[in-house]
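Participant: Next come a sequence and a model predicted from it.
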There are 2 protein chains.
Amino acid sequence: MIQTILLKQRPVGTPALSDFEFVKENVELSLKDGEILLETTYISVDPYLRGRMNDAKSYVAPFELGKPISSGIIAQVAASKNEDFKKGEFVSGMLNWKTQQISDGEGLLKVDKDKAPLSAYLGVLGMTGLTAYLGLTQIGKPKKGETLIVSGAAGAVGSVVGQIGKILGLRVVGIAGTDEKVEMLTSRFGFDEAINYNTTTNMRSAIQEACPDGVDIYFDNVGGPISDAVLFNINKFARMIICGAISVYNNTEMPKSVSVQPFLVKNSALMQGFIVWNYADKFPEAMEHLSSWLTEGKLDYTETIVEGFENTPQAFLDLFEGKNKGKMVVKA
Amino acid sequence: MIQTILLKQRPVGTPALSDFEFVKENVELSLKDGEILLETTYISVDPYLRGRMNDAKSYVAPFELGKPISSGIIAQVAASKNEDFKKGEFVSGMLNWKTQQISDGEGLLKVDKDKAPLSAYLGVLGMTGLTAYLGLTQIGKPKKGETLIVSGAAGAVGSVVGQIGKILGLRVVGIAGTDEKVEMLTSRFGFDEAINYNTTTNMRSAIQEACPDGVDIYFDNVGGPISDAVLFNINKFARMIICGAISVYNNTEMPKSVSVQPFLVKNSALMQGFIVWNYADKFPEAMEHLSSWLTEGKLDYTETIVEGFENTPQAFLDLFEGKNKGKMVVKA
């Protein structure tokens, strides 16, 4: 039996379980030449998927109503009529939220379960790690001794960004939403300081204290009022990597913030939207760094693994409540 | 008799004449070796001076209370004990708002009154032209056929930006505040289209109509609601040069705008504060282009020349009312 999760209706504001539909089919999939049968092992749920649920122009096409959601998935080859893939091998790719599916192999990467746990290929060795490394290096252009501040720092991308920042010789400050996360950032991931935005009344001065030399690089996963507070602390020539804006993804009205333009002019500062897919030519170089740092024990990661394919929508919804620590992954 | 204009008090909100103080002194200036006596010919008044009147960290130090204001000035050498400068020559430099002053010559550039009108060295052949050329090319990175939109388009910088855009093969749309300015943009400066923001109720859709292929480059001199409307029309990989934010310079409260971050993420777009002084190494290259375009008649410019040294503060105030067409200059 094959299970599929479809987008039933476009969420208005915060998504709900009722926006998804489960379909069960009792079919036997048969392969044509060149095709492989994939059995889903791990599913990545990511904040950016929220954007694809809207019917709006964005960097990837919106999901279609009544069609399966897709995201990064690790799957095992269950049968193969394609000479490039053998039964039993594991692959990663942008695949549908289905327990089984057929692929022609295009866009799939083989992953080695002996080199790293399979779920890591959705996280630190997948889009998450690439996003952290390439966002920080390509837009952030870090120079040793500079100060990096990371919002959503305990999230999948943020926790990797901070660790890479330390490897590259930066002072690293993280912003997260619980004391437990804040503790984890400094004790486990080696951040120099971390700020709990939920218990801090004046973020602007808390950032100032944590960044006595000002902010040179801001890796922004959240947007909203936290980003406003960072702006007041940026240095001349600051670089702001706008990687996500989870704090406003569910807004139904256009969010308002402090005008960034005067800050940018005053500081000759740069703010740039970052989408990892624009840097595909840099993936091999990035993967090389990430794998060797991981092997050398310089890069640690957390993941929240939710059991059960049917819990994928709930795992996605939990992202917006900050229930995950690190990468959120569903084990099918 | 020497006249000087001092900053009497820091303006709160919109500056007023009462923020300035006039001083007249009956002194005879005497030169030491290496010094020259300068007689002010033209004074540049610029929106960015407003920022220097605040006591706030910015890209140039704030003006000091009770001290002369300074800006770009063209002056004639009235006497010289410096072998590099001869009596009668004209120079340009950042000088004080004084009818006469002494200089050691440092930072002064000689200007040739036979090559172009003297006031042009404060405009199209001065910081204005350099700002237009370097902002557009260094941050905007224009590619033939792209669409450029310019706010404050009838201003000193904006009108030059648009013309350079046409020289470089772009579709150019300007935004200005009167029908007369809008008419000038298309008929005189060769803009493809121009929009009067004071008579347009829906700027967002007016921009959409004027830019059917979307906005690739935004040269922003104004900030505020006009910039919000542009954001809705940007293309993937758009570049936004934040050159000024005249619409909010006089705000006493931190202005709020539409949050730019979601637009930047969605479009992998870039927004960067531009200060011409950061690109000093590119000045010779830029001046070469600007002078030859001017000589070839490809570059036209307007200026509003106010007569009388004592009218300098009023000319500065008039910038915020949009009373100038093109570069605002005072003839001392």
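Facilitator: Nice, I can see it. Here the structure is a predicted model, which is why all the values come from computation and not from measurement.
Participant: Can you name the residues of the stretch 151-300 of chain A that neighbour chain B?
Facilitator: Neighbours of chain B within the stretch 151-300 of chain A, by CB under 8 Å from any CB of the partner chain: A:220, A:223-224, A:227, A:236, A:242-245, A:248-249, A:254-275, A:278. Where C-beta positions appear, they are placed from N, C-alpha and C, glycine not excepted.
Participant: and chain A, what are its domains?
Facilitator: Following automatic domain parsing, chain A resolves into domains at A:2-123+A:302-331, A:127-277.
Participant: What's the end-to-end length of the last one?
Facilitator: Taking CA to CA, to the nearest Å as the measure, domain A:127-277 stretches 9 Å from start to finish.
Participant: and the least confident helix or strand in chain A by mean pLDDT, which strands flank it?
Facilitator: Least confident helix or strand, chain A: strand A:256-258 with a mean of 84, by mean pLDDT, DSSP states H and E. Using DSSP bridges, strand A:256-258 pairs in its sheet with strand B:256-258 (antiparallel).
Participant: chain center to the partner strand: distance?
Facilitator: 24 Å (CA atoms, centre = their mean, to the nearest Å).
Participant: So which bits of that strand are buried?
Facilitator: B:257-258 (16 or more other CB atoms under 10 Å in any protein chain shown).
Participant: Can you give the contact residues for it?
Facilitator: With contacts defined as CB atoms under 8 Å, 6 or more residues apart in numbering or on different chains, strand B:256-258 is touched by A:254-261, B:223-225, B:227-228, B:231.
Participant: Report pLDDT for residue A:154.
Facilitator: Looking at residue A:154, its pLDDT reads 92.
Participant: Same question for residue A:247.
Facilitator: 72.
Participant: so who does it touch?
Facilitator: So residue A:247 contacts A:222-226 (CB under 8 Å, 6+ apart).
Participant: Adjacent strands (with direction) for the strand ranked longest in chain A?
Facilitator: Ordering each strand of chain A by length in residues (DSSP state E) puts strand A:70-80 first. The strands that strand A:70-80 pairs with in its sheet are strand A:36-44 (antiparallel), strand A:90-96 (antiparallel) (by DSSP bridges).
Participant: ok, back up a step: closest one to chain B out of the contacts of residue A:247, please.
Facilitator: residue A:223 (4.1 Å; CB to the nearest CB).
Participant: List the residues that contact the nearest residue to that closest one once chain neighbours are set aside.
Facilitator: In this structure, residue A:223 finds its nearest non-sequential neighbour in residue A:245, 3.2 Å apart by CB to CB, 6 or more residues apart in numbering or on different chains. Contact analysis of residue A:245 by CB under 8 Å, 6+ apart lists A:220-224, B:259, B:261-262, B:265.
Participant: okay, the residues you listed in TSV with neighbour count, distance to residue A:61 and pLDDT next?
Facilitator: Shown next, in TSV, are the contacts of residue A:245 (neighbours: other CB atoms under 10 Å in any protein chain shown; distance: CB to CB, whole Å; pLDDT from 0 to 100):
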residue	neighbour count	distance to residue A:61	pLDDT
A:220	29	24	97
A:221	27	23	93
A:222	27	25	91
A:223	27	23	90
A:224	19	26	90
B:259	25	23	90
B:261	26	21	93
B:262	23	17	90
B:265	25	16	92
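Participant: Show me what the residue nearest to residue A:112 when sequence neighbours are not counted bridges to in the sheet.
Facilitator: Nearest residue to residue A:112, sequence neighbours excluded (CB to CB, 6+ apart): residue A:90, at 7.8 Å. Counting by DSSP bridges, residue A:90 is bridged to residue A:76, residue A:111.
Participant: Residue A:90 against residue A:111, yeah?
Facilitator: Yes - proximity of residue A:90 to residue A:111 meets the contact threshold set by CB atoms under 8 Å, at 5.0 Å.
Participant: Kind regards, and thank you for your time.
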